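[1] What follows is a predicted protein model with its sequence.
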2 protein chains.
Amino acid sequence: MVASSSKSVDVVVVGGGYSGLSAAWTLSKLGHSVIVLEARDRVGGRAWTEKVPGGGWVDNGGQWIGPGQTRILELAEEVGVGTFPTFQDGRHILVFGGERLVYATDDPTSLDLPVPEADLQELLQALAHIDALSETVPSHAPWEAARAVEWDTQTAATWMKENLKTDGAKFALHAAIVAYFSVEPSDVSFLHLLFYISAAGGLKELEASSLIWRFEQGAQEIPNRLAQRLGDRVRYNCPARKIDQSGNTVVVHTDVGTIEGRQVIVAVSPQLASRLQYEPDLPASRDQYMQRMPLGSVIKCHAVYPHAFWRDHNFNGQLVSEDEVNSTFDNSPENGIPGILVGFLEGDVARRWHERSQEEVREKMLATFVEHFGDEATEPLHFYYANWGAEPWSRGCYAGIPTPGTWIGYRDALRKPIGRIHWAGTETSTEWAQYMEGAVRSGQRAAAEVHAALTN
Amino acid sequence: MVASSSKSVDVVVVGGGYSGLSAAWTLSKLGHSVIVLEARDRVGGRAWTEKVPGGGWVDNGGQWIGPGQTRILELAEEVGVGTFPTFQDGRHILVFGGERLVYATDDPTSLDLPVPEADLQELLQALAHIDALSETVPSHAPWEAARAVEWDTQTAATWMKENLKTDGAKFALHAAIVAYFSVEPSDVSFLHLLFYISAAGGLKELEASSLIWRFEQGAQEIPNRLAQRLGDRVRYNCPARKIDQSGNTVVVHTDVGTIEGRQVIVAVSPQLASRLQYEPDLPASRDQYMQRMPLGSVIKCHAVYPHAFWRDHNFNGQLVSEDEVNSTFDNSPENGIPGILVGFLEGDVARRWHERSQEEVREKMLATFVEHFGDEATEPLHFYYANWGAEPWSRGCYAGIPTPGTWIGYRDALRKPIGRIHWAGTETSTEWAQYMEGAVRSGQRAAAEVHAALTN
C-alpha cells in the first residue's frame, strides 16, 4: 500500500520502530487516526528479527530485556508475546592479558571475573564510585547535576585513565562501555555514562535487567503484532522526506505522495531526523543537537548449528575478549534447537571491519567460534551478518550517543516539541535511554503530548 | 536558470562555496565541462558578504587571510580582488577576572596580554609545548602520530585542566580555542587541536596569518567573480538532493530536474553531505564519519556607523571578553568610512543565544559596543545579524569539527573518493583545514583527482 496524496489523519508518525509503533498504538486506543510511515519493508527499526529456515530466529539488533523494563513487558503481555530466560548455565570464557580463562559463576550477573584480586577490587570500587556519582545526575536533566560541567567536558576514557590503575579493571570497564554504547570510551562524555546509568535507576538495576530474558520469536515480534493491529495504517517502503508545517496542519512528503496530519511524531534517531527537510527550517539548537548524536558502530553476526553443542561441553556460549570479536552469547531458542551463537564487533573493532567484506567477517567470526567452542562450529547451517553502519535506515546501532559537551551545551533541545512536531525515539527517553524500553517510553510520552495537543 | 533534465557534463559540483568554485574553475581551465549546483541564491557558502547601503560591506562569515594562505591569495590575484591590512592600530580591551583592562601593544600578533606575569609565562610555555606536540602530528594523517590515541581520547578541556594552573592562561587558551573552532574545549579532542595547528604549519605560521588582511569588497568577492566567469554553469536555488551512481555515470537529482556527469565533486560540509541521498548507499565508514563532524556555533553581528569613531579614541575595536560577547573587531573598510564593528557570540555563548530573538541579540551587542567604545555606538545606521546555526544551507560555522575519537576511529574515510564521488570542502583539507584557504586547496585537490579520472 502506498501513501495517497489526499490522505488526512490526526497524527502522522515517522518511523515504525518500537517508539513510533508505541506512539501510534497508544494514540489509536485513544481514538485518534494515525498513519505510520516506515521506510523499510518491515517494522521494528533497530529491532530486526530474521526467521531461520527450519526453525528458530536471529535478532540482528536489540534483543535482551529485564524485569526493570516494565513498559515493554506490559506491551509484550498486551500483544501476547512471551519471554524466556537467556541461557547462561555453564562456563564463561574471558580472553584477557593474552590468556584464555575459562570460569564458572553461580550468579551470572555477579562480577567475579578471573582477573587478579587487586584488579577485581579496583573494578568493584570504581563501579560503586560511578554508581554513587550517577545518583547525583537527574536523568530528566543531566545538565543540572552539580558537577555536570566537569563531567561533560571529559571523556569516559579520561575518567578511566585518572581513576583506574589495574589492567583488569581497565579492560572490564572498557568492555562494559563498548557493550553499552558500541562506541569507545573516547567518544562519550563521563556525564553521559552517568546519565545512562541514572536512566536505568542505578547500576544494580541496570545489571539486574541485563541479558535476563529474550522474546519468543524475537524482538521484532512485538512491532510485528502492533503493525498487524494497525493494519493499513502502517505504510511500508515509504520514507518521509520532508515535514512541512508552514500551514495550519503538517504535511509529510514521501516518495509516493503526501500525508496531512494535525500533529506529527518523528520517531527515528536524531541523526536520521537531521536528514529530513523541514519547512519552516528547524531552529539552530535543535539542528545542532541532532548533529551531535552519532550512532554507535556494531557488526552483529549469527551462526546457526543443528543444536547448541557448546552446552554439551558446559559452556554457556559467553565470551568477553580483548581480541577482535568483543563478545559472544548463546542466542538459541530456549531448547537449544537450533543452536545459535551470536558474535559482536563493536566500537573501534567494528570501524576496522566496516570496510571488509562480509566473507572476511564470516571467516573471522567462525574462527573465533571454533577457537573457543570447538570444531563443531566450523560449518554452520546458516550465517547472518548485520553491519548496522551500512544499514541505510539506521546508519549505526544501538543508539545515537551525545558527544562530549552536548548535554551541557544543548540541554533539552532534543525533546522539546517544535510547533506540531513531537520527538520520540529511545534517545529522547529519560528512563532506559538507548534501550527498547526507552523507545517504548518515548513513544508513549510523545503520544501523551500529542493527545493533549489534540484535545485542548 | 534552472537545471534541465537532459543536461550532461563532465563534472557536477555540489556546492558553490570556495571549495566548489575552486574545483569548477580549475576543471574549466583544464577543458572539462562543469555544472555547479548551488542551493542558495548566492555563491560563497560560509563566506557571505552583504553590501551596506551607502557604501561598505559586512562579512557575515569567513573574512581574514594572511601571508601563509598562498592559494587563496593566488586566486585573489587571478580574479583581481585586492587585499588590505586589518585595522589594528590603537588600544586593545581585555575583560578578564571581572576587570576591564585597556592596553597597547606594538606587535598585534604578540601575546603581551595584561594578565599577571605568572599567567602570561604559563600561557607562553603551554603554547610552546602545544606547538612542539603539533610537530609530531602529520596533517595528512593525524592518526599516525605516535601519541594519537592518547590525544584523541581526551578533550582539549582535559588537557587544559591537567596542564594549566593560572586563570589567565586558562582564559586565553579557552578564548583561542573558541575563536579557532567556535566550539568549546570540551567538544574537540586534543589531537584535533594539534592537527589544526599542524595543518597551518605550526603555531607561529598560524599566528602570522591570523587577522592580517581582508578582501576589498569582502570575502564573497572572489566567489562572485569565479561565478561570473563560470556564467550559466552555476545554477542557483538548486540544491542537490540525491546522487545516483548506480549506472555508468553520476546522476544528481535536484528539486528542478537532474544533471548527469562523468564524475561528481561534493563540496559541502560533511554534515550537509550526510543529508543527501546516495545510490548506492555510502559505506558505513563514510556515513559514520559524516555523523561525527558537527558544525561550530556562532552568531556574528555587525553595527554600521558614519565613521570608525573608536579610532578617534585610540581604540582599535578589538575586545576579548569573559562576558557574553566573546570578541569584537573593527570591520570597517580601510578608510574607516563607514565605521563597522563586528561582534561574535561563539561556542556555548552562541548556544545560549541561539533561541533568543534577533532583537535581544542586537540589544546585547549594542550594549557591549557602548560599554567599551562609548555612547556613539548606541544608534547604528544599520545592524546585521548572522546566526549560522539557523542558516539552512550551513547549519553552523566555521567548520565541521571531528568529535573525540573520530580521527583514530575513522582515519581517511572523509577524503577517500567513493566510486565517481570526490569530496571537497575545507574539512577535507590537510593544510589550513577549516579556513577559506583549506577550502580552496580541497577544491583544487578534488579537481586534480577528477582530472586524473577523466583523462585516464
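    Alright, I've got the coordinates.
[2] List the contacts of A:E184.
    A:157, A:177-178, A:347-348, B:153, B:405, B:409 (C-beta atoms under 8 Å, 6 or more residues apart in numbering or on different chains). All C-beta atoms are positioned from the backbone trio N, CA, C, and that covers glycine.
[3] Can you tell me the centre-most residue of chain A?
    Geometric centre of chain A, nearest residue: A:Y398, 3.5 Å, by C-alpha atoms, centre = their mean.
[4] isn't there a helix covering it?
    No: judged by DSSP: H, G, I helix; E, B strand; the rest coil, A:Y398 forms no part of a helix; its state is coil.
[5] Give me the buried positions along the helix or strand where A:A23 lies.
    Here A:A23 sits within helix A:18-29, counting by DSSP states H and E. Buried residues in helix A:18-29, counted by 16 or more other C-beta atoms under 10 Å in any protein chain shown: A:18-28.
[6] Please apply the same query to stretch A:210-217.
    For stretch A:210-217, by 16+ other C-beta under 10 Å, it's A:210-215, A:217.
[7] Which one of those is nearest to B:G202?
    Closest approach to B:G202 among the buried residues of stretch A:210-217 (C-beta to C-beta): A:S210, at 49.1 Å.
[8] quick one: secondary structure of the closest one?
    Taking three-state DSSP, the label given to A:S210 is coil.
[9] give the contact list for the residue lying closest to it once chain neighbours are set aside.
    Nearest-residue entry for A:S210: A:G66, 6.2 Å, with adjacent residues in sequence omitted and distances by C-beta to C-beta, 6 or more residues apart in numbering or on different chains. For A:G66, the contacting residues are A:208-213, by C-beta under 8 Å, 6+ apart.
[10] Could you dump those into TSV and include pLDDT?
    Output for the contacts of A:G66, formatted as TSV (pLDDT from 0 to 100):
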residue	pLDDT
A:A208	96
A:S209	96
A:S210	94
A:L211	95
A:I212	97
A:W213	98
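[11] hang on, A:S285 is in a helix, isn't it?
    Yes: according to three-state DSSP, A:S285 belongs to a helix.
[12] any idea how far it is from A:E162?
    Distance, A:S285 to A:E162, using C-beta to C-beta, to the nearest Å: 32 Å.
[13] more crowded one of the two?
    A:S285 (24 against 11; other C-beta atoms under 10 Å in any protein chain shown).
[14] Contacts only, for the more buried one.
    A:410, A:413, B:351, B:354-355, B:389.
[15] A:E427 too?
    Counting by C-beta under 8 Å, 6+ apart, A:E427 has contacts A:269-270, A:293, A:399-400, A:414, A:433-434, A:438, A:442.
[16] Run through who's touching the strand ranked longest in chain A.
    Scanning chain A for the strand with the most residues, using DSSP state E, yields strand A:257-266. Applying C-beta under 8 Å, 6+ apart, the contact partners of strand A:257-266 are A:2-5, A:7-15, A:20, A:23, A:35, A:37, A:243, A:245, A:249-252, A:273, A:276, A:420-425, A:443, A:446-447, A:450, A:453-454.
[17] Can you give the strand pairings for it, parallel or anti for each?
    Taking DSSP bridges as the criterion, strand A:257-266 sits next to strand A:8-14 (parallel), strand A:250-254 (antiparallel), strand A:421-423 (parallel) in its sheet.
[18] Rebuild those strands as CSV, extending it with mean pLDDT and mean neighbour count.
    As requested, those are exported to CSV (pLDDT from 0 to 100; neighbours: other C-beta atoms under 10 Å in any protein chain shown):
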stretch, mean pLDDT, mean neighbour count
strand A:8-14, 98, 25
strand A:250-254, 98, 21
strand A:421-423, 98, 24
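[19] Any chance of TSV for these, columns distance to A:R311?
    TSV is the format used below for the strands paired with strand A:257-266 (distance: least, C-beta to C-beta, whole Å):
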stretch	distance to A:R311
strand A:8-14	42
strand A:250-254	47
strand A:421-423	44
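[20] Wasn't A:A386 part of a strand?
    Yes: applying three-state DSSP, one finds A:A386 inside a strand.
[21] Make sure I have this right: A:M290 is in a helix.
    Yes: assigned with three-state DSSP, A:M290 falls within a helix.
[22] Quick one: end-to-end length of stretch A:237-256, please.
    9 Å (C-alpha to C-alpha, to the nearest Å).
[23] can you list contacts of that stretch?
    By C-beta under 8 Å, 6+ apart, stretch A:237-256 touches A:2-3, A:8, A:12, A:14, A:37-41, A:235, A:258-264, A:266, A:276-280, A:393, A:419-421.
[24] Name only those of those that count as buried.
    Buried, going by 16+ other C-beta under 10 Å: A:3, A:12, A:14, A:37-40, A:235, A:258-264, A:266, A:276-278, A:393, A:420-421, out of those.
[25] from the stretch 201-350 of chain A, which residue is nearest to chain B?
    A:A284 (2.9 Å; C-beta to the nearest C-beta).
[26] and if you look at the stretch 351-456 of chain A?
    For the stretch 351-456 of chain A, C-beta to the nearest C-beta, closest residue to chain B: A:G389, 2.9 Å.
[27] That residue against B:A284, yeah?
    Yes: contact status for A:G389 versus B:A284: in contact at 2.9 Å, counting by C-beta atoms under 8 Å.
[28] Now do the shared contacts for the two.
    Common neighbours of A:G389 and B:A284 (C-beta under 8 Å, 6+ apart) are A:297, A:354, A:395-396.
[29] Show the buried residues in those.
    Among the shared contacts of A:G389 and B:A284, the ones that count as buried by 16+ other C-beta under 10 Å are A:297, A:354, A:395-396.
[30] what's the most distant pair in those?
    Within those, A:H354 and A:R395 form the most distant pair, 11.6 Å apart (C-beta to C-beta).
[31] what's the overlap in contacts for the two?
    By C-beta under 8 Å, 6+ apart, the residues touching both A:H354 and A:R395 are A:389, B:284, B:288.
[32] Columns neighbour count on top of the residues you listed, output as a markdown table?
    Conversion of the shared contacts of A:H354 and A:R395 to a markdown table gives the following (neighbours: other C-beta atoms under 10 Å in any protein chain shown):
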| residue | neighbour count |
| --- | --- |
| A:G389 | 26 |
| B:A284 | 24 |
| B:Q288 | 29 |
